[in-house]
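A.B. asks: Predicted coordinates and the sequence they were generated for:
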Amino acid sequence: MALTPQSVQEPPKTAARLKIGVVMPAYNAERTLERTFLDLPHDMISEVILVDDGSRDRTVEVAKRLGKLPVSIFVHKQNYGYGANQKTCYTEALKKDLDVIVMVHPDYQYDPKLLPDVVAPILDGRADVVFGSRMQKRGDALKQGMPLWKYVPNIVLTGLENLVFGLRLSEYHTGYRAFHRRVLQSVHYHANADSFIFDQQIVSQIVDRRFRIAEVYVPAKYFPEASSASFVASCIYGLNILALLCEFILYRLRLATPARFLDHVDRYHRVQ
């Protein structure tokens, strides 16, 4: 059972009343954005929030032409990074009257049509966070085009994260994620990095707060237009995960207190 601070507790809603919003962290996605948007299950989504992270193509122009659903577009003044993009996505989503917030990459690597499956554990009250996993059927990931140099580290790093976090997930490195709003209200995601490691830092915060995580199998597509980290960026990402796990162990042993695990009110006290 998740431990949720009293300050963010809300009256319970039935699944039928929960409002679902989609956030799209976009970067150079002009060729795949419209297709991703059109394949979303529009009948169950209240709003789409797209954040462009300083694209060098026509992503923003394409986004302005999207219809059928309310679309809010935000543009970064420059390319700040994938983590920075998510921070803006979640900050703007929390300003809306949304109960479930789903991250869908606009590069069409993950199937938008699977969104009902991804949010189902939250709507059913079985989870607070859902990861769309490519690795529940591991052989499929290779068949779908995942490079071997990504496939093997994914398995190794997931095993290490399971060991440190005390979980049994098939994958942590997915970009298809759904959150109940209370999760994003509770974790201090603004203290996380602006880079790719943001994804794992927010996982460590979710684990620390003991929110419930569920997984749903989602196949992925690998093609030239789909965004993908380079070999060098992936190596840096892997090293950062190892550093994060060491930091989390020290935190659990009370030998370190990273700012990301503290609420703002935990950082000071009144002396007079």
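C.D. replies: That came through fine. This one's a predicted model, so the numbers in the text were calculated from it and none came from an experiment.

A.B. asks: was I right about Leu94 contacting Gln185?
C.D. replies: Yes - applying Cβ atoms under 8 Å as the test, Leu94 and Gln185 come out as touching, 6.5 Å apart. Just so you know, the C-beta spots here come from the backbone N, C-alpha and C atoms, and that holds for glycine as well.

A.B. asks: So which of the two has more stuff around it?
C.D. replies: Counted by other Cβ atoms under 10 Å, Leu94 and Gln185 do not tie: Gln185 has more neighbours, with 17 against 14.

A.B. asks: ok, the more buried one to Ile155 distance?
C.D. replies: Per Cβ to Cβ, to the nearest Å, Gln185 is found 33 Å from Ile155.

A.B. asks: again, but for Arg35
C.D. replies: Going from Arg35 to Ile155 by Cβ to Cβ gives 30 Å.

A.B. asks: cool, and Tyr108?
C.D. replies: Counting by Cβ to Cβ, the gap from Tyr108 to Ile155 is 25 Å.

A.B. asks: So between the two, which is more surrounded?
C.D. replies: Neighbour count, other Cβ under 10 Å: between Tyr108 and Ile155, Tyr108 has more, with 23 against 15.

A.B. asks: Is there a neighbour count for the nearest residue to the more buried one once chain neighbours are set aside? I'd like the number.
C.D. replies: Leaving aside its sequence neighbours, Tyr108 sits nearest to Thr32 (Cβ to Cβ, 6 or more residues apart in numbering; 4.2 Å). Burial of Thr32 is recorded as 22 neighbouring residues (other Cβ under 10 Å).

A.B. asks: can you offset everything so residue one is 42?
C.D. replies: Got it, first residue is 42 now, which makes that one Thr73.

A.B. asks: Kindly state the pLDDT recorded for Thr73?
C.D. replies: Turning to Thr73, the model gives it a pLDDT of 96.

A.B. asks: So Ala274 is in contact with Asn281, correct?
C.D. replies: No - under the criterion of Cβ under 8 Å, Ala274 is not in contact with Asn281, lying 10.4 Å apart.

A.B. asks: overlap in contacts of those two?
C.D. replies: Jointly contacting Ala274 and Asn281 under the rule Cβ atoms under 8 Å, 6 or more residues apart in numbering are Phe237.

A.B. asks: out of these two, which sits in the more crowded spot?
C.D. replies: Neighbours were counted for Ala274 and for Asn281 using other Cβ under 10 Å; Asn281 has more, 17 against 13.

A.B. asks: State the pLDDT value of that one.
C.D. replies: pLDDT, Asn281: 97.

A.B. asks: quick one: what helix or strand has it in it?
C.D. replies: Using DSSP states H and E, Asn281 sits in helix 272-293.

A.B. asks: How far away from the center of its chain is that helix?
C.D. replies: Centroid displacement of helix 272-293 relative to its chain, using Cα atoms, centre = their mean, to the nearest Å, is 17 Å.

A.B. asks: How are the strands of the chain distributed by residue range?
C.D. replies: With strands called from DSSP state E, the chain shows them at 61-67, 88-93, 112-116, 141-144, 170-174, 218-221, 254-258.

A.B. asks: Kindly provide the distance from the nearest residue to Asp138 once chain neighbours are set aside to His221.
C.D. replies: Leaving aside its sequence neighbours, Asp138 sits nearest to Lys60 (Cβ to Cβ, 6+ apart; 6.1 Å). Counting by Cβ to Cβ, the gap from Lys60 to His221 is 11 Å.

A.B. asks: show me where pLDDT drops low in the stretch 42-191 of the chain?
C.D. replies: Applying pLDDT under 70 to the stretch 42-191 of the chain flags the ranges 42-57.
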